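K.L.:
Quick one, what's the 3D model for this:
(2 chains, ligands or ions: 1)
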Amino acid sequence: MTQQEFLRELEEVLEADAESIKGDETLADLGSWDSLAVMSFIAMVDENYGVTLAASKLASAKNVEDLIALLGDKISNT
Amino acid sequence: MINPMELIDRTIMVTGASSGIGRETAILLSQLGARLILIGRNAEQLNKTLASLEGTAHHVYTFDLSNIDEIPRWMKEVTSASGPLHGLVHSAGLQFTRPLRIMSSENIEELMRVNVTAAIFLAKAFRQKGVSADSGSIVYLSSVMGLVGQSGQSAYSASKGALVTLTKSLALELSRENIRVNCVAPAMVTTEMSGKMLELLTPEQVLQIEAMHPLGLGRPRDVANAIAFLLADTGRWITGTTLVLDGGYTAH
Ligand SMILES: NC(=O)c1ccc[n+]([C@@H]2O[C@H](COP(=O)([O-])OP(=O)(O)OC[C@H]3O[C@@H](n4cnc5c(N)ncnc54)[C@H](OP(=O)(O)O)[C@@H]3O)[C@@H](O)[C@H]2O)c1
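P.N.:
Presented below is the predicted three-dimensional model:
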């Protein structure tokens, strides 16, 4: 999946407006990064990327780039 | 000495026998004297269960329970080889955590198919002439999530709540056929299913869940014991009931 596709999925998880997330935000900036968003993110990543993310790993993520890094080479740079 | 839960000469089918609660239930039932028919999709894991059973004359069949319409004919075939069933335990089931924002209708349908629709069709199959013996007992696996809620669990808890009332209606419909229908509602039991769920949580969240179980998390044997109690003559006068096994989870 591309980074752009990932950002659109993240918008769905956060219930943010379409095309509103650019990729350089901190999670604190996004405001809606709460427990339901975390739960949704874990389920989305499991279904769309086949990656099982422990919540403890997610806890150390500070910004959108950290989320992308968690998925490693599952997300291409383009 | 007597054993009021003995199951000598009873034939019992267990779905989901390749893992967790279903596996442990099959092992206990064999130790109580029953002949088992083990059902699941994973042959290797089913054979692992088979190797842990006491006694012989057990059978293993791989079958995908999402093939709902095939269930009655399939069960007829199985029992023509094994002889009629005295009991059926439906421990096969799916679980996922999914808030509404990312819930799809496919997610829900897949879950309902195995957890609920298959449960109904297993009863439809069980009551066929020749498939069950002159008296029978069905046990479903509900959950405390079918009695109380938790966010992210809407589809799963809907499926498990459905089993509670399915049990009551079938108990009434099948009493004249000498078939008892009950279910058990466990809180968190350490199995592959709960392991997968806990894996996704932070250590603090895990502690929080543990704290909701005054007697700690359950073991598969805790659930197997209750299932055996409902299947054996100890359950003779019990039908339409949901037996809660939760270490105090719903006592709050
Ligand atoms: N563990 C808990 O904390 C807990 C608590 C309350 C209620 N329960 C309920 O107890 C039951 C057993 O749970 P568990 O923890 O033992 O789960 P598990 O370890 O995940 O085992 C689930 C079983 O279901 C079978 N299964 C799934 N889909 C199937 C299909 N389409 N066809 C045939 N078999 C299928 C699997 O077999 P194959 O992979 O071989 O197909 C496996 O044997 C479930 O209904 C669950 O909802 C569990």
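K.L.:
so where do the helices sit in chain A?
P.N.:
A:3-14, A:27-30, A:35-49, A:55-59, A:64-70 (DSSP state H).
K.L.:
ok, and does the longest one reach over to chain B?
P.N.:
Put plainly, it is helix A:35-49. Yes - counting by C-beta under 8 Å from any C-beta of the partner chain, chain B is contacted by helix A:35-49 at A:Leu36, A:Met39, A:Ser40, A:Ile42, A:Ala43, A:Met44. (C-beta placed from N, C-alpha, C; glycine too.)
K.L.:
The fourth one too?
P.N.:
Yes - taking C-beta under 8 Å from any C-beta as the criterion, helix A:55-59 and chain B are in contact, through A:Ala55, A:Ser56, A:Ala59.
K.L.:
Just the buried residues of those.
P.N.:
By neighbour count, with 16 or more other C-beta atoms under 10 Å in any protein chain shown, those hold A:Ala55 as buried.
K.L.:
Pick out whichever of the residues of helix A:55-59 next to chain B sits closest to B:Met75.
P.N.:
Of all the residues of helix A:55-59 next to chain B, B:Met75 sits closest to A:Ala55, with 41.0 Å by C-beta to C-beta.
K.L.:
which one is the closest one nearest to, not counting chain neighbours?
P.N.:
Leaving aside its sequence neighbours, A:Ala55 sits nearest to B:Thr202 (C-beta to C-beta, 6 or more residues apart in numbering or on different chains; 4.3 Å).
K.L.:
do the same with A:Asn48
P.N.:
A:Glu9 (6.5 Å).
K.L.:
Look at the one you found and say how many residues are nearby.
P.N.:
19 (other C-beta atoms under 10 Å in any protein chain shown).
K.L.:
Touching, it and A:Glu47? I think so.
P.N.:
No - look at A:Glu9 against A:Glu47 with C-beta atoms under 8 Å: they stay out of range, at 10.0 Å.
K.L.:
which parts of chain A sit against chain B?
P.N.:
Remark: the part of chain A in contact with chain B comprises A:12-13, A:15, A:36, A:39-40, A:42-44, A:52-56, A:59, using C-beta under 8 Å from any C-beta.
K.L.:
7 Å instead, please
P.N.:
By C-beta under 7 Å from any C-beta of the partner chain, the part of chain A that sits against chain B consists of A:12-13, A:15, A:36, A:39-40, A:42-44, A:52, A:54-56, A:59.
K.L.:
What's the ChimeraX syntax to select whichever of those are buried?
P.N.:
To isolate the buried members of these in ChimeraX, using 16+ other C-beta under 10 Å:
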select /A:13,36,39,40,42,43,44,55
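K.L.:
Kindly reformat the residues of chain A next to chain B as a markdown table containing pLDDT.
P.N.:
Shown next, in a markdown table, are the residues of chain A next to chain B (pLDDT from 0 to 100):
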| residue | pLDDT |
| --- | --- |
| A:Glu12 | 92 |
| A:Val13 | 92 |
| A:Glu15 | 91 |
| A:Leu36 | 89 |
| A:Met39 | 89 |
| A:Ser40 | 92 |
| A:Ile42 | 92 |
| A:Ala43 | 91 |
| A:Met44 | 93 |
| A:Thr52 | 88 |
| A:Ala54 | 84 |
| A:Ala55 | 80 |
| A:Ser56 | 80 |
| A:Ala59 | 82 |
